[in-house]
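Novice: Sharing a model prediction with you, sequence too.
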Amino acid sequence: RAFVAGILHGIAVHSKLYPIIYTLSFMAYFATQHESKKKRKKSTTSTDCPSTSTSFPWFEPKRLVKLIAVWIRRLCTPGPLIFFLTFVMTASSLTYLAVQCYGIEALEEGMLYHFSRVDHRHNYSMFWYGIYLTRGSSFLLSSTSSSAAATATA
C-alpha cells in the first residue's frame, strides 16, 4: 500500500505542487500502521510510547525529547520509508521527463516559480504576509522612482 500511495502522491505533487504538504501526514499514517501491526503480534502495550499525561509535551522538555525520538523511530520504519522513496522517485522522474520534453522552462514554471512569486495571496511565498500588509504602500516603490517623482513636482 505504501508503494502505490507513494507513486500516486508523486504524480499528484508533479501535477500540482500543493499536495507536498501532506507528505509527512502520509508518512505518519504508514508509521502508525506499522506500529499497530506490531502491537497486534505482541498483544501488549508498547514501552517506548511516552506517557499519556494530559499536559502539553512542550511544558516538559524531557517528555518532548522522548516524543520526538519515538516519532523519528516510527518514521524510519519500512512503511514510511517505502512511501517517501517511491514518492521522491516518481515526482523527480516525472519532473525529469518534463524537462527533457519541454526544456528548463518546465522546471521554472512548474516548481521554481513558487519560490519567487510575489502574489500576496500565494501560500508558498515565505513573505506572503509581509507583501500583503505592504501592498500598495509607498514602501514598495523604489527609491529612484520616488526621487524622480519628487524632482518632477519641484
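Specialist: Arrived safely, thanks for sending.
Novice: what sits up against the longest helix along the chain?
Specialist: Of all segments of type helix in the chain, defined using DSSP state H, the longest is helix 78-102. Helix 78-102 is contacted from outside by 2-3, 5-7, 9-11, 13-14, 23, 26-28, 30-31, 33-34, 74-75, 106-107, 110-111, using CB atoms under 8 Å, 6 or more residues apart in numbering. Any C-beta I mention is one placed from the backbone N, CA and C, and that applies to glycine too.
Novice: Please repeat the previous calculation with a cut-off of 10 Å.
Specialist: With contact meaning CB atoms under 10 Å, 6 or more residues apart in numbering, helix 78-102 is reached by 1-15, 17, 19-20, 23-24, 26-35, 37, 74-75, 105-111.
Novice: Residue 9 is in what secondary structure piece?
Specialist: Under DSSP states H and E, the secondary-structure element containing residue 9 is helix 2-15.
Novice: ok, and for that helix, which residues are buried?
Specialist: 2, 5, 6, 7, 9, 10, 12, 13, 14 (16 or more other CB atoms under 10 Å).
Novice: Please apply the same query to stretch 64-78.
Specialist: Going by 16+ other CB under 10 Å, stretch 64-78 has these buried residues: 66, 67, 70, 74, 75, 77.
Novice: And these, which two are furthest apart?
Specialist: When CB to CB is used, the two most widely separated members of the buried residues of stretch 64-78 are 66 and 77, lying 17.7 Å apart.
Novice: Name the helix or strand of the protein that has the lowest mean pLDDT.
Specialist: helix 143-153 (a mean of 49; mean pLDDT, DSSP states H and E).
Novice: What separation is there between residue 58 and residue 25?
Specialist: Plainly put, residue 58 is 20 Å away from residue 25 if you go by CB to CB, to the nearest Å.
Novice: One more: residue 3?
Specialist: Residue 3 is 18 Å from residue 25, by CB to CB.
Novice: Residue 90: neighbour count?
Specialist: For residue 90, the neighbour count with other CB atoms under 10 Å is 19.
Novice: Restricting the selection to alpha carbons, write stretch 5-20 to CSV.
Specialist: Taking Å, rounded to 0.1, in the frame of the first residue of the first chain, the C-alpha atoms of stretch 5-20 are listed here in CSV:
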residue,chain,number,x,y,z
ALA,A,5,0.4,5.5,-2.3
GLY,A,6,4.0,6.9,-2.9
ILE,A,7,3.5,6.6,-6.7
LEU,A,8,0.1,8.3,-6.6
HIS,A,9,1.4,11.1,-4.3
GLY,A,10,4.4,11.6,-6.6
ILE,A,11,2.1,12.0,-9.6
ALA,A,12,-0.1,14.5,-7.6
VAL,A,13,2.9,16.6,-6.5
HIS,A,14,4.3,16.6,-10.0
SER,A,15,0.9,17.8,-11.4
LYS,A,16,0.4,20.4,-8.7
LEU,A,17,3.0,21.2,-6.0
TYR,A,18,0.4,21.9,-3.3
PRO,A,19,-0.1,18.2,-2.2
ILE,A,20,3.5,18.1,-0.9
